[in-house]
Each structure stands twice: as structure tokens, then as C-alpha cells.
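# Here's my sequence, what's the structure:
(one chain, ligands or ions: 1)
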Amino acid sequence: GHFAHGPAPEAQENKGKAKSRRAQRLAAIKVPPVVIHTRTSSSGSEVTMTYERLHELGKGGFARCFQFRCIERATDIAGKVVAKASLTRERARLKLLTEIRVHRAMTHARVVRFESFFEDDNNVYMMMELCPNGSLADMVRSRGALSETEARGYMLQLVDACRYLHHHGIIHRDLKLGNVFLAGDMTLRVGDFGLATKLMTKQERKRTVCGTPNYIAPEVLDAGEEGHSFEVDVWSLGVILYTMLVGRPPFETRDVKQTYALIRRASFDFPPSSHVSPEAKDLVRAMLTVDPARRPPLTAVLRHPFFTGATAFVPVSMPASATSVAPYYP
Ligand code: ADP
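Predicted structure coming up:
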């Protein structure tokens, strides 16, 4: 899980230890009550909400995620539950506060909508939009490579979300297939702001990332004086695009040190068996440029022939069946 503490390489060496800590944290989460009553005051008036806990949606590094039914609004939502017992360290507490502060300030059609947060004696709860069709990671796991048309449609939505975040000074820093969710209508929602950060000025540079983001950019690995900025998200989107087109990530090896070595040189290739167009390959190569200053900004990404070429079709809509079987295009 990416919540293992410390700089990336060390965290990986301590993987065994981190794993058992993760297990301990998750065990500390008392199964939330079957019914939760909350009372919040918004602009002077009291609002009461009743949440009925349904099944578990999944587990993260720190959290368990359940589907809840909001009785008053007659809708289902996703609730991320974090045990207070796992927040004894100042650092863990700050991290959760940052996640909440950043996420709740973001309102965009392609970002998981943040509903509310509250606590009881045992847990902190973050309620958000339910994405019932899983994540892009689930989709690629069950289908392998997606069609180029689908990949293009999803990339456009991801760039859209990312431009919004960057416009508000937010770097997501953990964009990966597992953090991109599919809404009921199969459009995308970017979620999990656990590693996000807000820059106060465009010039500001970040020098540390806690944890081990999967799709880490080379300038984060070698956190030197220069630090990193918005370009790290472009790198991650390049990794996502490659993975959607090929069916597996570009820098996958059996050992992390080897993976980091490949990332530092942007060393990857397209297997001959994959049918990836020259335009798509060119865009992936541009986005996976080692030097962040030479990596295209998001506006340039959108002008690339992969999106603007004569045959650059995008799906008008997608059936939910596309999570497990390739859709048919007339
Ligand atoms: P991680 O820490 O692995 O990034 P999270 O704690 O954000 O994961 O979420 C844990 C799991 O809960 C996810 O892998 C996913 O299966 C599920 N999940 C998270 N958010 C949602 C959501 N908004 N709708 C549906 N499922 C979700």
C-alpha cells in the first residue's frame, strides 16, 4: 500500500514491516455500526442524516470502504472508514486532514464528489460519491488492453480532471488505474487524495513525497534540490495511457530497484504483439520524458495527433459491460 511511511526506496525495503502495520491498522477498524446518525449544522439549520451500512467495497492502505445508504436522500454512497487508533502518529493525522481538506474543496464532474465527513468514538468517516463500476485497474485486470478509442475517451476525461486540479494548485501525485473510478454511467471519477498537495504559488517546488506512489516520476525518485511539481501528474497519466493500451504497466519488473532504474531512464517498449498506433506511441513517449521541463503540459497533450487526428474517435457513451468484455463499435 502507498501509505507506508518514509521515502520511497526505504519504504520498499521495509515492505514486510509495512504490510503487517497495514494489517494492524485495518484490524483496528471496528466494523462500523449498522446505522449511523449524524447531525451537522449548515448555515444555522440542523441537518440530520441516517446512514445504513451495506457491503464492503474494498480495502486501502489505511481505510476500509463500505457502501452506505443515505435514508433521507434515498441514495447510496461510498464511505471510507479510518480507525482513530491508526491515527496516533501526528503524521498520519496530518495526512488524513490534508486528504479531507483537499478533496472536499474539489468540485468537478470528473472528480469523486466529496459528501461529508464525521467521526464516532472509533472511526473517522469520509462519505463520497459511489462509483459502482469499479476502477480502471479492475477493468484492465479483467479485460487486458482496452481499445484505442476507449483509451482516448478515458484520457480526455483524465486530462480534464487533472487540468481542473492543477488550475486550483493541486497536484494529485498518486494517479494510477486503481484511483480512477467508474461512475454508474461509465464516465470516470478521479479519487483518493491521500498524497495530494496544494501549491501556494506556481513557482513553489515540492521536495518530499511520503509513501510509494505506484506510478512515480523520475524527478520524485531523485528528490534533489529542484524538487517536483505539476509535471509528475503528466508522467502518471503517461503510465496510465500505456497500461490501458498494452494491458500491463511500462516499468514492471520483479524488484522495485530494477523498476526505479527503468523509470530513471524512461526505459520501456511496446511489445510487438500489442497493436498500438504510431500516434499513441508518440504521445506515451512524450508524456514519459525523464526531464520534467521537456514533458508536455496538459494543454499540449490535448493538441497531440492522438486526440486531433482524422481518425481520433471517442466513444459517445460506454455500456457497463465494458468493465469485463470489449464493447462492439458499429
Ligand atoms: P487505496 O488506499 O488502496 O488507494 P482507498 O482507501 O481509496 O484505496 O479505497 C479502498 C477501496 O475501496 C478501493 O480500492 C475501491 O475498491 C473502493 N472504493 C474507494 N472509493 C470508492 C468509491 N467512491 N466508490 C466505490 N468504491 C470505492
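# wait, what's in contact with the closest residue to E52 other than its chain neighbours?
Leaving aside its sequence neighbours, E52 sits nearest to R69 (CB to CB, 6 or more residues apart in numbering; 4.4 Å). (C-beta placed from N, C-alpha, C; glycine too.) Counting by CB atoms under 8 Å, 6 or more residues apart in numbering, R69 touches 51-52, 54, 75-77.
# Please narrow these to those residing in strands.
The strands, defined by DSSP state E, take in 51-52, 54, 75-77 from the contacts of R69.
# can you list the residues of the stretch 151-300 of the chain near the ligand?
Applying CB under 6 Å from any ligand atom, we find that the stretch 151-300 of the chain lies next to the ligand at 178-179, 181, 191-192.
# picking that back up, between the ones in strands among the contacts of R69, which sits nearest the ligand?
I77 (8.0 Å; CB to the nearest ligand atom).
# What score does the residue sitting nearest the centre point of the chain have for pLDDT?
Computing the C-alpha centroid of the chain and ranking residues by CA atoms, centre = their mean puts N179 first, at 2.7 Å. Looking at N179, its pLDDT is 95.
# So it is in contact with R189, correct?
No - assessed by CB atoms under 8 Å, N179 is found out of contact with R189, at 9.6 Å.
# Point out the other helices and strands that the top helix by length along the chain packs with.
Criterion DSSP state H: the longest helix present in the chain is helix 148-167. Identification of packing neighbours for helix 148-167 by 3 or more CB pairs under 8 Å, 6 or more residues apart in numbering; DSSP states H and E yields strand 188-190, helix 231-246, helix 298-302, helix 305-308.
# Give the rounded mean pLDDT of the last one.
Here helix 305-308 scores 98 as its mean pLDDT.
# cool, and the second one?
In this model, helix 231-246 carries a mean pLDDT of 97.
# Check the first one too.
In this model, strand 188-190 carries a mean pLDDT of 98.
# Report the contact partners of K84.
Applying CB under 8 Å, 6+ apart, we find K84 in contact with 119, 121-124.
# my bad, F230
Taking CB under 8 Å, 6+ apart, we find F230 in contact with 166, 171, 297.
# Would you convert those into JSON lines that also reports pLDDT and neighbour count?
What follows is those, written out as JSON lines (pLDDT from 0 to 100; neighbours: other CB atoms under 10 Å):
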{"residue": "H166", "pLDDT": "97", "neighbour count": "20"}
{"residue": "I171", "pLDDT": "96", "neighbour count": "23"}
{"residue": "P297", "pLDDT": "97", "neighbour count": "12"}
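# Can you verify my assumption that F117 contacts H103?
No - judged on CB under 8 Å, F117 makes no contact with H103 at a distance of 9.1 Å.
# Can you check which residues contact both of the two?
In contact with both F117 and H103: M126, using CB under 8 Å, 6+ apart.
# tally of neighbours for the closest residue to the ligand within the chain?
Residue nearest to the ligand within the chain: G60 (2.1 Å; CB to the nearest ligand atom). G60 is flanked by 20 other residues according to other CB atoms under 10 Å.
# Just the pLDDT for it.
Per-residue pLDDT puts G60 at 81.
# Hmm, it is touching L195, no?
No - counting by CB under 8 Å, G60 does not reach L195; the two are 11.9 Å apart.
# Which helix or strand contains R22?
Using DSSP states H and E, R22 sits within helix 15-28.
# Does L136 touch A151 like I think?
No - under the criterion of CB under 8 Å, L136 is not in contact with A151, lying 10.0 Å apart.
# can you tell me which residues contact the closest residue in space to M155 that isn't next to it in sequence?
Leaving out its chain neighbours, the residue that sits closest to M155 by CB to CB, 6+ apart is L241, at 5.6 Å. Residues near L241 by CB under 8 Å, 6+ apart: 151, 155, 280, 283-284, 287.
# So which of those residues is the closest to A161?
Within the contacts of L241, proximity to A161 (CB to CB) peaks at M155, which comes in at 10.8 Å.
# In this structure that closest one contacts V239, no?
No - M155 is beyond contact range of V239, at 11.8 Å (criterion: CB under 8 Å).
# Which parts of the chain are strands?
Here the chain has its strands, by DSSP E, at 35-42, 45-59, 63-70, 75-83, 114-119, 123-129, 170-171, 180-182, 188-190, 197-198.
# can you tell which of the ones you listed is closest to G309?
Taking CB to CB as the criterion, strand 188-190 is the member of these that comes nearest to G309, at 22.0 Å.
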